[in-house]
Each structure stands twice: as C-alpha cells, then as structure tokens.
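>>> fold the following, please.
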Amino acid sequence: MAVKRVNDEPAFILHRYDWSESSLILECFTRHRGRVALVAKGVKKPTSSFRPVLLALQPLKLSWGIGGDGAADIHTLKSAEWVGGHTMPVGEGLLSGLYLNELLMRLLAREDPFANLFDMYAGVVQVLATDHGEVLEPVLRAFELLLLRELGHLPSLAVQTLSLQPVREKVHYVLVPEAGLREATPHDRASLSGSQWLQLEAALHTANPYPHVLRACVLCAGELKAQLRAVLQHHCGQPVLRTRQLMMDIQSL
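Next up, the predicted model:
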C-alpha cells in the first residue's frame, strides 16, 4: 500500500500522551494542515533521537507518513527537527503557553488548517519565552480575540448582538456567552466603553490584525480578561480548562 509523506511541516506540539511502553501520541498544531495526531514510535527509549526534540512550546519541523487514502486519524512520525529561535518559556510564561495549547486542543478540529492563527501563535510563544513583563496580558487577550474571530465565535463588536443596535462610543458594553455584546448594567464587574469595542472591531479587520489588536488591548486587557475567558469556556464546554483552574489555584495560595 502506498505511503504518502508530509515533509518539513512547521509545527508545535500541543499535547502528548502514552500510546505504548515505548511510544507516544503527539497532538500537533501545524501551519498547513491544522491539528494533526502523530504516533512517535520508540520515543521513550533512551536511544531515541526524538527525546530532546519533542517538547511543547518549541518551533519544530515535522515529517510524517500518511498511509492508504489518508483518512486515518493518527499518522506516523518520521522525523523531527528543532527550528530554534528561543528558549523554553518558564514561570508565568510557561503556564500561559500551556493554557493556549489547551485552548487549541479543545477548539480546533483535526486536519483543519489555520495558517494565520499558526503564525500568531508562533509569535505569542516567542514573547512568552522572553522577559515579557506587563505585555503578557495584552498579548494573551489579543490572541484570544483573534482565536474567537478565526473560528467564527466572535460576534461583531460594532453592534449589540441581540438588538443589532449600533454601539455608542460613550456607553459601556459587556461580551457574554451566547448573548454576545450587550449594554452593561450596574451588576457587571467589567465592561468596555463603546469606543474601546469599536477600536477592537476596527483592529480585527486590518490586513495584519495581530499588532493592531495588541495595541488596542493594552489599555483594556484587565477588563477583557474575564469576559473573553467566559466566552472561551462556553465554546470549550465542560470541564473547566485545567490550566485555568491551575492558575486560579496558584493565585489563591
């Protein structure tokens, strides 16, 4: 039976789990083929050349074989190369990277490519590996917004979702699961002004949206955090994201 091969595909490993005593299943985010599952045979053996390479949050080039008609869910890893460019994120950056990986695992269907999203993810991971300081929150919020938009889960931020009334610059609004954007009430803990939502909407529609959305998020990242997390959790379903729960547990110590 003929075996096709995908060569030198840009990729990141999102998750790995045991397949046998010596092998692993890798859930990978690739630039041209989306999320793919690969079996890395013998990778747990001390002599395996894959062992120091197959790490999360590291830019890789992967090659794998596709047997038969290509309809199988899991393909066989043939080679893996570390591309380099940055070190492994640590501390808060590592937790944030694992959070993004869990989001992609929960929200992306297999074999559905999102090249622009892949490029944005690669850029965010590079930031997480640096001394990111105060830029971390805007970086995460910008990625969350663009992830929702890429997957078709983000309503227009220029109108109220249920009434289709235009957003007014001096009125405050909140983004909520299912109901979308609505006018804020005194009971809402966080909201953004209409002018801020309109700035985000304009940034999302630029030719190269990520830097524009990032700039728009700088002054409202704190207010966006809870709103975006609620919408993302709604689309991820149950249970609660493990990394989010871990972050909350650490903050409560």
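
>>> contacts only, for Gly97.
Neighbouring residues of Gly97 by CB atoms under 8 Å, 6 or more residues apart in numbering: Ala56, Leu57, Pro89, Val125, Leu128. Bear in mind the C-beta positions are built from the backbone N, C-alpha and C, glycine included.

>>> find the nearest non-adjacent residue to it, please.
Leu57 (4.5 Å; CB to CB, 6 or more residues apart in numbering).

>>> ok so, going back, which one of the contacts of Gly97 sits closest to Glu102?
Ala56 (10.8 Å; CB to CB).

>>> name the residues linked to the closest one by a beta bridge.
As for beta bridges, Ala56 partners with Ile13 under DSSP bridges.

>>> roughly how far does it sit from Gly97?
7 Å (CB to CB, to the nearest Å).

>>> so where is the stretch 51-200 of the chain shaky, pLDDT-wise?
67-72 (pLDDT under 70).

>>> domain-wise, how is the chain divided?
Domain segmentation of the chain under automatic domain parsing yields 3-82, 91-252.

>>> where do the helices sit along this protein?
Remark: helices assigned in the chain by DSSP state H are 91-107, 115-128, 136-150, 194-204, 209-217, 221-236, 242-252.

>>> quick check: end-to-end length of stretch 173-181?
Using CA to CA, to the nearest Å, the end-to-end distance of stretch 173-181 comes to 6 Å.

>>> any idea how far Ser163 is from Tyr173?
Tyr173 is 11 Å from Ser163, by CB to CB.

>>> who has more neighbours out of the two?
Tyr173 (23 against 10; other CB atoms under 10 Å).

>>> is it true that that one touches Ala179?
No - here Tyr173 does not reach Ala179: they are 11.1 Å apart, not a contact under CB atoms under 8 Å.

>>> quick check, central residue of the chain?
Nearest to the mean C-alpha position of the chain, counting by CA atoms, centre = their mean, stands Leu100 at 4.1 Å.
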